[in-house]
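J.: model this:
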Amino acid sequence: MPLVQAAMYGPLAGLHHRDLRHRKPLHRSVSGLPIVVHPRQRVRPAPRSHPCRRHHHRQRTAAGRPLRRHRGPDQCRDHPLGDLDRHFARSIPAVRATFDRVLAVLADVGPVAVLSERTRIALHVRMSFAAFMPRRSWLNGHLVLARRIDSPRFAKVEVYSPRNVLHAFRLDSPEQVDDEFASWLIEAYSVGKQRHLQSPP
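T.: Down below sits the predicted model:
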C-alpha cells in the first residue's frame, strides 16, 4: 500500500502527504504500516519486573512475611534468608554470643523465624516482634511490646499505638540478657503471636 494511501486509512491519518515525505518511519506496527514518531519522542519498552524483585517476592512468600515495596536497585542484593554470618563479619565474638543468648531464651518459649534481612536480623512469628543490628563491639536492637516500659535500659521508646510500642536497646555482652531482659523477650514474643489482640486492652 502506498505511503499516502496508508496515511488515509492507517495510523497516519490526518497527516499531509508532504509531511510524510520528510519524516522517516522509525517503527512499524504489527500490520506493517509505517508509524511516524517525532524525532524528540522516545519510545520506551514496556517495564519488566526486575529478576531480583521476583526472587525477593518468592523469599518473602515462603517466609510468610508481608511484602514490602522496593525503594531502589540498591535493595536488590540477593542475600539468602538465614545467612547470619555476614551480619557478624565485622563484629567481635561477644556480639554473636549475645545474639545466640537471645535465641537460647526464645528456644524455650516456642518456634521463631530468624530472618536475615539487608540491614538487620528480624525475629518473626505471625509478625516481627524484634530486630537486631550487630555493630563492631555491641548489639543494637528493638522490641515491640503492647505497653510502654520506662527503663534506663531502653535508649528510646516510640509509641505508634497503645498496643504497638517500640523499645530500642543496646546490648554489650551476653550477661545483659538476664532475667529482666528475658521477660521482655517473652512478652515481645506474645506480641509476635498477636496474643495481645485477643484480650481487651
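J.: Only the buried residues of stretch 131-150, if you could.
T.: Ala131, Phe132, Pro134, Trp138, Leu139, Asn140, Gly141, His142, Leu143, Val144, Leu145, Ala146 (16 or more other Cβ atoms under 10 Å). Backbone N, C-alpha and C define where each C-beta goes, glycine included.
J.: Can you tell me which of those residues end up in strands?
T.: Ala131, Phe132, Pro134, Leu139, Asn140, Gly141, His142, Leu143, Val144, Leu145 (DSSP state E).
J.: could you pull out the helices for the protein?
T.: For the chain, applying DSSP state H gives helices covering 3-9, 17-21, 51-63, 93-107, 179-192.
J.: tell me the mean pLDDT over the third one?
T.: Computed over helix 51-63, the mean pLDDT rounds to 43.
J.: Could you do the second one as well?
T.: Along helix 17-21, the predicted local confidence has a mean pLDDT of 49.
J.: ok, back up a step: just give me the closest of the buried residues of stretch 131-150 to Phe88.
T.: Nearest to Phe88 among those, counting by Cβ to Cβ, is Pro134 at 5.3 Å.
J.: Would you mind confirming that Ala188 makes contact with His142?
T.: No - Ala188 is not in contact with His142 according to Cβ atoms under 8 Å; the separation is 9.3 Å.
J.: Spit out the residues that contact these two alike.
T.: Counting by Cβ atoms under 8 Å, 6 or more residues apart in numbering, the common neighbours of Ala188 and His142 are Ala130.
J.: how's this protein carved up into domains?
T.: Following automatic domain parsing, one finds the domains of the chain at 3-35, 49-78, 79-197.
J.: which of the ones you listed has the lowest average pLDDT?
T.: domain 49-78 (a mean of 41).
J.: Looking at the buried residues of stretch 131-150, which one is closest to Asp172?
T.: Among the buried residues of stretch 131-150, and counting by Cβ to Cβ, the member closest to Asp172 is Trp138, at 4.9 Å.
J.: which residue packs closest to the closest one, ignoring adjacent ones?
T.: Spatially, and ignoring its direct neighbours in sequence, Trp138 is nearest to Asp172 (4.9 Å; Cβ to Cβ, 6 or more residues apart in numbering).
J.: Quick one: residues contacting the one you found.
T.: Each residue near Asp172 by Cβ under 8 Å, 6+ apart is listed here: Ala94, Thr98, Ser137, Trp138, Leu139.
J.: I'd like to know which of the residues you listed is nearest to Gln176.
T.: Closest to Gln176, out of all of the contacts of Asp172 and judged by Cβ to Cβ, is Thr98, at 7.2 Å.
J.: got the CA coordinates for stretch 117-130 in PDB?
T.: Provided in PDB are the C-alpha atoms of stretch 117-130 (Å, rounded to 0.1, in the frame of the first residue of the first chain):
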ATOM      1  CA  GLU A 117      17.500  -9.000  56.000                       C
ATOM      2  CA  ARG A 118      19.600  -6.400  54.300                       C
ATOM      3  CA  THR A 119      20.500  -4.300  57.300                       C
ATOM      4  CA  ARG A 120      19.100  -6.200  60.200                       C
ATOM      5  CA  ILE A 121      18.100  -9.600  61.700                       C
ATOM      6  CA  ALA A 122      14.400  -9.800  62.400                       C
ATOM      7  CA  LEU A 123      12.600 -12.300  64.700                       C
ATOM      8  CA  HIS A 124       9.200 -13.300  63.300                       C
ATOM      9  CA  VAL A 125       6.300 -15.400  64.400                       C
ATOM     10  CA  ARG A 126       3.000 -14.200  62.900                       C
ATOM     11  CA  MET A 127       4.600 -10.700  62.800                       C
ATOM     12  CA  SER A 128       8.000  -9.300  63.600                       C
ATOM     13  CA  PHE A 129       8.500  -8.600  67.200                       C
ATOM     14  CA  ALA A 130      12.200  -7.900  67.500                       C
END
